[in-house]
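[1] okay, predicted coordinates and the sequence, questions at the end:
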Amino acid sequence: MATISLQKLTKDYGNHKGVFDLDLTIESGEFFVILGPSGCGKTTTLRIIAGLETPDSGKVFLDNIDITDYPPRERNMSMVFQNYALYPFMTVRENIAFPLKKMKINKTDIEQKVEEMARILSITDILDKKPGQISGGQRQRVALGRAIVKEPKVFLMDEPLSNLDAKLRVGMRAELKRIQMSLKTTTVYVTHDQIEAMTLADRVAVLNNGYLEQLDNPMKVYEKPANSFIASFLGDPPINFIDAELEKDGSQAFLIIGDSKIPINRDPGSYAGKKVRVGLRPEDIKVSSKGIPAKLTFIQPLGRRRLEHFKINSTGAEIIRASSSDQTLNIGDVCFIDFNEEKILLFDKENGKII
């Protein structure tokens, strides 16, 4: 196990591409996920940790040793890529054994380690096949096996599941988590997929335009996002945003949405009388006898649940509610939608920061 520390890390490719002034520490044995949209700097960060890129400034520490200038082979890390990067002319057995041969390990120990790794990954029946003869999911297991077998201090994973179909991704996520928990190896995992981040991470770092936006455990990032970008990036279906005005009458605060006045138990402070953005998760919206008048315009059935699309009567704003599939509402029905007040997120309309 190993601790990784990044201090004031910067790699500037121009046009706001790269990573800037990044400070974070990845704890020993942690499954750490770097999450963000394309071009946000997450792969650049991973490549700098691996030694495949040199930062313009800043430092990389491994167990308090400055490895910023170490070549990749001296960092004792293994990397799993999006495209698997298997040798097509080698069998599965030979692919897994390759890093051990480079380490000059004796043949008997290599055979034993390869067999053990194949058993852990449930690929013993394909050891003598070549990558072109096996499925995408099996190729990903082989790539994992090749990375794990050398027992590195750190696993680095760059969107390793993105080439798999949806069903295989679900299975491989569980497999990855199980293996990492068993080996307790520090793992840095890069993805743009918020579901992967939520299901795999002990902690998640959200990057945007090269800057660290938030660092916490996945549920805290989901429930208390630092800004509207993070709130919109995490969640399936995505969060609803509604423009509103925050008012205060005596000790009571209200949200004014169109013709509706919604009481909230919060102190608006300096935001009283100002416009704000209201963030509402679809699962926190309910149909009630009071609230905001809205019309049900569309329904998406999803098995045991469904997504209901409403249009607010007074503003025309659209809002999505996630509900169970046994609801009796039909398209065209007019009703009142209400919110779980404790779950309402309020954001500054100008800079997007949470209030």
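    Noted; the coordinates are in hand. Residues are numbered from 1 along each chain as shown.

[2] just the helices from the stretch 201-350 of the chain, written as ranges.
    218-223, 228-233 (DSSP state H, counting those that start in this stretch).

[3] tell me the most buried of these?
    The highest average neighbour count among the helices of the stretch 201-350 of the chain, using mean count of other Cβ atoms under 10 Å, belongs to helix 228-233 at a mean of 21. For every residue, glycine as well, the C-beta is placed using N, CA and C.

[4] contacts for it, please.
    35-37, 194, 206, 208, 213-214, 221, 225, 238-239, 241, 277, 279, 345, 347, 352, 354 (Cβ atoms under 8 Å, 6 or more residues apart in numbering).

[5] do stretch 114-133 as well
    Outside stretch 114-133, the residues within contact range by Cβ under 8 Å, 6+ apart are 84, 86-93, 95-97, 100, 134, 138-139, 141-142, 144-145, 148-149, 175, 179.

[6] can you mark which positions in that stretch are buried?
    Judged by neighbour count using 16 or more other Cβ atoms under 10 Å, the buried positions of stretch 114-133 are 114, 117-118, 120-121, 123, 126-127, 130-131.

[7] then it to PDB, C-alphas only?
    Taking only C-alpha atoms (Å, rounded to 0.1, in the frame of the first residue of the first chain), the coordinates of stretch 114-133 have been written out as PDB:
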ATOM      1  CA  VAL A 114      -0.300 -16.600 -13.400                       C
ATOM      2  CA  GLU A 115      -2.500 -19.600 -12.400                       C
ATOM      3  CA  GLU A 116      -3.500 -17.800  -9.100                       C
ATOM      4  CA  MET A 117      -4.300 -14.600 -10.900                       C
ATOM      5  CA  ALA A 118      -6.400 -16.500 -13.500                       C
ATOM      6  CA  ARG A 119      -8.300 -18.200 -10.700                       C
ATOM      7  CA  ILE A 120      -9.000 -14.800  -9.000                       C
ATOM      8  CA  LEU A 121     -10.300 -13.300 -12.200                       C
ATOM      9  CA  SER A 122     -12.100 -16.500 -13.400                       C
ATOM     10  CA  ILE A 123     -10.200 -16.700 -16.700                       C
ATOM     11  CA  THR A 124      -8.500 -20.100 -16.200                       C
ATOM     12  CA  ASP A 125     -10.300 -21.500 -19.200                       C
ATOM     13  CA  ILE A 126      -8.900 -18.900 -21.600                       C
ATOM     14  CA  LEU A 127      -5.200 -18.900 -20.600                       C
ATOM     15  CA  ASP A 128      -4.100 -20.500 -23.900                       C
ATOM     16  CA  LYS A 129      -6.200 -18.300 -26.200                       C
ATOM     17  CA  LYS A 130      -5.100 -15.000 -27.800                       C
ATOM     18  CA  PRO A 131      -6.800 -11.600 -27.200                       C
ATOM     19  CA  GLY A 132      -8.500 -11.800 -30.600                       C
ATOM     20  CA  GLN A 133     -10.300 -15.000 -29.600                       C
END
